[in-house]
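K.L.:
Could you look at this predicted model? Sequence included:
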Amino acid sequence: SVSNTTWDYIVVGGGASGIPLADKLSESGKTVLLLERGFASSYRWGGKLRPQWLEGSNLTRFDVPALYQYILENPADAAAANILCSDYVATASCVLGGGTAINAGLWWKPGSADWDTIMPIGWNSADMRAATEEVFARLPGTDIPSSDGKLYLQKGAEILKKALTSAEPPYEFQKANDSPDAKDGTVSNAEHFFMHGERGGVMETFLVSASKRANFKLQLETTVTRVIRQGKQITGVEVETPEGSGTINVTPNTGKVILSAGVFGTSKILFRSGIGPKDQLSLLKASPDGVNMVVEAEWIDLAVGHNLDDNPSIYGIIIALDVETYDYVGAFNTPVPEDAAKYLANRSGPLAQIEPPLNPFWWDIVTGTDGIARAIQWSAISGQLNDTTGMVLTASLGRGKTSRGRLGLSLDPSTPLTINVTQVPYFNDATGADFAAVVSSLENVLKIARAIPNATIVLPPEGQDVAEYLRADFPPSMALNSNHWVGSTKMRRRCGKGVVVDGETRVCGVEGLHVVDAGIVGGVPAANPQAVFVAVAVRAGEKILKLDGGHEW
Ligand SMILES: Cc1cc2nc3c(=O)[nH]c(=O)nc-3n(C[C@H](O)[C@H](O)[C@H](O)COP(=O)(O)OP(=O)(O)OC[C@H]3O[C@@H](n4cnc5c(N)ncnc54)[C@H](O)[C@@H]3O)c2cc1C
């Protein structure tokens, strides 16, 4: 054992879900160990990675919103620095904070229809109200990230907002988090979880409160390889640390392990623990990693990896237009001196914002021939376009989409154990209504874009049918992914065919094992999803404590 202490709760993964969950569990006074495979990201937690110009400040590359884009533009660099998880085909962060350490910070309050569409009984809007309000009271977010109260580089956004609000029928301008249910024919500025001009998020709120409790411990650079069980009873986790490998145990009989390692990380741990579909477990058994697996008689056959969902993002409309440009990628190492000074002095200016100005956001609902209402989120970035300037308008199909995919192990035996997307969850629904919804919304927005004065439509090509254009230029593939993976550990009120966890987040057929992360959310919401995961984690924490008789909520 690498630790003689036993724990009431071991939470695996310090990301969007694991941090608020660990905080909630630790409120009870029970002992909570949060294990995170990565290193400290934010300066507050001991993070060190930063470009020269941040030396001497209390900031790392993760804390400055504008530096987010650099990671995406230089994925090889980010992987080499062990920021991105090297063992998934998808982009995900393997440092403290998980996705929240590196993402765009978009922070949308979920609407009732989100809960009622994508979550099972027991997790619908009425059930989720208190948790959602608690999360937004602690982490309200902002639509003006810069501390001086100004938005920067908004020329394109203003032109587009004007076009949308004067279209026929007009989109209504709203602050989206003031009316989370109104995501149909509405336009908003981006809402972020940023705080006081820095990244903020769950690391600056829930992790701070958890860390003040003596019964809570955060342990970094500790990878959980598998859960250990005697038959169906979980006894602890097997870990790898820089000092070596070993086990950490839960309190005998009553202690629990909760997997919050994200869609890819949790599935990998489950597979390695002999929990998953037989085809995947057999593949694993045949791989070099298989020597450590439990014997086949102890495998637990669950549909881990099925029901995978994510938004297909279509960078479908490109407009040449006179807008400002800003070199956010160059700003990583050599920011504009006045902007760096402004940011360092009082966290204001363009470096408090993310990447090319990302505004506005707007939503359409399209009801398909199958009678299902599908939400399409649009966003726009402005900046340099080859030899001119302009805007890229992106459509992202969300709540209501019915296409689903699957994740599984990489079939290539020569590579390390990699979690792959074996079927992408895009445009494979039987009726074709997912695709038709995007076509319809794109036709509508294209009409609006065409009416913008002094704008030239670069894409779609003049005269080409929109459906043909989308089919040819955006075929279903990983290139459409939005990094919003959900659904791979399907939750239903009761265990049964296709179900991985029950409505109390317990892994079916196992004692003392839960999953609480994006994997238990059944589909993508109308907007970027992370606030859903944080609220689900808070609610899950309450449910787990209640099961253990610790608290009545
Ligand atoms: C580039 C990018 C941009 C995004 N932008 C946005 C956005 O603006 N708004 C939004 O709503 N969503 C955004 N997302 C999505 C959002 O960040 C994720 O959906 C969310 O973080 C998922 O939450 P999670 O708790 O399931 O997993 P994660 O946040 O990924 O957390 C999982 C944690 O578990 C750790 N872990 C994994 N395996 C192990 C193991 N074996 N042992 C120990 N620890 C382990 C990981 O290191 C990680 O810290 C973005 C994602 C990416 C990648």
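P.N.:
Arrived safely, thanks for sending.
K.L.:
thought Pro20 was touching Val135?
P.N.:
Yes. Using Cβ atoms under 8 Å, Pro20 is in contact with Val135, at 7.3 Å. Any C-beta I mention is one placed from the backbone N, CA and C, and that applies to glycine too.
K.L.:
so what sits against both of these two?
P.N.:
Val534, Val538 (Cβ atoms under 8 Å, 6 or more residues apart in numbering).
K.L.:
Compare the two and say which is more crowded by neighbours.
P.N.:
Counting neighbours by other Cβ atoms under 10 Å for Pro20 and for Val135 shows that Pro20 has the greater number, 32 against 29.
K.L.:
Which strand or helix spans that one?
P.N.:
Using DSSP states H and E, Pro20 falls within helix 18-26.
K.L.:
Can you point out the buried residues in that helix?
P.N.:
When burial is assessed from 16 or more other Cβ atoms under 10 Å, helix 18-26 yields the following buried residues: Gly18, Ile19, Pro20, Leu21, Ala22, Asp23, Lys24, Leu25, Ser26.
K.L.:
show me the contacts for the nearest residue to Tyr469 once chain neighbours are set aside.
P.N.:
Closest residue in space to Tyr469, ignoring its immediate chain neighbours: Pro460 at 4.3 Å, by Cβ to Cβ, 6 or more residues apart in numbering. Taking Cβ under 8 Å, 6+ apart as the criterion, Pro460 is in contact with Gly316, Ile317, Leu442, Leu446, Val466, Tyr469.
K.L.:
Tell me where the model's unsure across the stretch 351-500 of the chain.
P.N.:
In the predicted model, the stretch 351-500 of the chain carries pLDDT under 70 at residues 411-415.
K.L.:
need the contact list for Asp181.
P.N.:
Per Cβ under 8 Å, 6+ apart, neighbours of Asp181: Gly111, Ser112, Ala113.
K.L.:
How about Leu351?
P.N.:
Taking Cβ under 8 Å, 6+ apart as the contact definition, Leu351 lies against Val64, Pro65, Ala66, Leu67, Ala331, Pro335, Asp339, Ala340, Lys342, Tyr343.
K.L.:
make it 10 Å
P.N.:
53, 64-67, 145-146, 152, 197, 326, 328, 331, 335-336, 339-340, 342-344 (Cβ atoms under 10 Å, 6 or more residues apart in numbering).
K.L.:
and if you look at Pro252?
P.N.:
Applying Cβ under 10 Å, 6+ apart to Pro252 gives the contacts Thr6, Gln233, Thr235, Gly236.
K.L.:
same thing with Gly432?
P.N.:
Contacts of Gly432 by Cβ under 10 Å, 6+ apart are Gly368, Thr369, Asp370, Ser403, Val439, Ala467.
K.L.:
Among those residues, which lie within helices?
P.N.:
Judged by DSSP state H, helices contain the following of these: Val439, Ala467.
K.L.:
top of the contacts of Gly432 by neighbour count?
P.N.:
Ser403 (23 neighbours).
K.L.:
surely that residue meets Gly487?
P.N.:
No. Look at Ser403 against Gly487 with Cβ atoms under 10 Å: they stay out of range, at 11.3 Å.
K.L.:
where do the contact lists of the two overlap?
P.N.:
Listed contacts common to Ser403 and Gly487 are Leu308, Asp309, Asp310, Pro425, Gly523; contacts here mean Cβ under 10 Å, 6+ apart.
K.L.:
Is it possible to get the residues you listed out as a markdown table so that each row also shows distance to the ligand and secondary structure?
P.N.:
Below are these laid out as a markdown table (distance: Cβ to the nearest ligand atom, whole Å; DSSP: H, G, I helix; E, B strand; the rest coil):
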| residue | distance to the ligand | secondary structure |
| --- | --- | --- |
| Leu308 | 13 | strand |
| Asp309 | 11 | strand |
| Asp310 | 9 | coil |
| Pro425 | 14 | coil |
| Gly523 | 13 | coil |
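K.L.:
mind putting the residues you listed in TSV, neighbour count included?
P.N.:
Converted to TSV, the shared contacts of Ser403 and Gly487 look like this (neighbours: other Cβ atoms under 10 Å):
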residue	neighbour count
Leu308	24
Asp309	25
Asp310	31
Pro425	29
Gly523	23
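K.L.:
Outline the domain layout of the protein.
P.N.:
For the chain, automatic domain parsing gives the domain ranges 9-108+201-308+485-547, 146-190+310-480.
K.L.:
The first one spans what distance, first to last residue?
P.N.:
For domain 9-108+201-308+485-547, the first-to-last residue distance is 13 Å (Cα to Cα, to the nearest Å).
K.L.:
how about the helices of the stretch 301-450 of the chain, start to end?
P.N.:
337-346, 433-450 (DSSP state H, counting those that start in this stretch).
K.L.:
among those, which is the most enclosed?
P.N.:
helix 433-450 (a mean of 20; mean count of other Cβ atoms under 10 Å).
K.L.:
Show me what that one is packed up against.
P.N.:
helix 155-165, strand 313-320, strand 358-367, strand 373-385, strand 388-397, strand 456-459, helix 466-473 (3 or more Cβ pairs under 10 Å, 6 or more residues apart in numbering; DSSP states H and E).
K.L.:
Quick check: Ala92 vs Phe62, distance?
P.N.:
Counting by Cβ to Cβ, to the nearest Å, the gap from Ala92 to Phe62 is 15 Å.
K.L.:
So for these two, which residue has more residues nearby?
P.N.:
Remark: of Ala92 and Phe62, Phe62 carries more neighbours, 30 against 22, as counted by other Cβ under 10 Å.
K.L.:
Quick one, grab the pLDDT at the more buried one.
P.N.:
At Phe62, the model reports a pLDDT of 97.
K.L.:
For the remainder of this discussion, apply numbering that starts at 882.
P.N.:
With the count now opening at 882, the last piece we talked about shows up as Phe943.
K.L.:
what sits against it?
P.N.:
For Phe943, the contact set (Cβ under 10 Å, 6+ apart) comprises 921-926, 928, 930-931, 949, 952, 964, 974, 976-978, 981-983, 1079-1080, 1082, 1084.
K.L.:
Please apply the same query to Leu1428.
P.N.:
Contact analysis of Leu1428 by Cβ under 10 Å, 6+ apart lists Lys1137, Glu1385, Thr1386, Arg1387, His1395.
K.L.:
May I ask you to confirm that Lys1328 is in contact with Pro1050?
P.N.:
No. If you go by Cβ under 10 Å, Lys1328 and Pro1050 don't touch, sitting 11.7 Å apart.
K.L.:
Tell me the helices and strands packed up against the lowest-mean-pLDDT helix or strand in the chain.
P.N.:
Lowest on mean pLDDT, DSSP states H and E among the helices and strands of the chain sits helix 956-961, with a mean of 83. Contacts defined by 3+ Cβ pairs under 10 Å, 6+ apart place helix 956-961 against helix 949-954.
K.L.:
Give me the contact list for the helix it packs on.
P.N.:
Taking Cβ under 10 Å, 6+ apart as the rule, helix 949-954 contacts 932, 942-943, 945, 958-960, 962, 964-965, 972, 974, 982-986, 1080, 1208-1214, 1234-1237, 1239, 1364.
K.L.:
Now do the same contact list for the closest residue to Pro1158 other than its chain neighbours.
P.N.:
Counting by Cβ to Cβ, 6+ apart, Ala1184 is the residue found nearest to Pro1158 once chain neighbours are left out, at 6.0 Å. Listed by Cβ under 10 Å, 6+ apart, the contact partners of Ala1184 are Gly1157, Pro1158, Arg1287, Ser1369, Thr1370, Lys1371, Lys1378, Gly1379, Val1380, Val1381, Cys1389.
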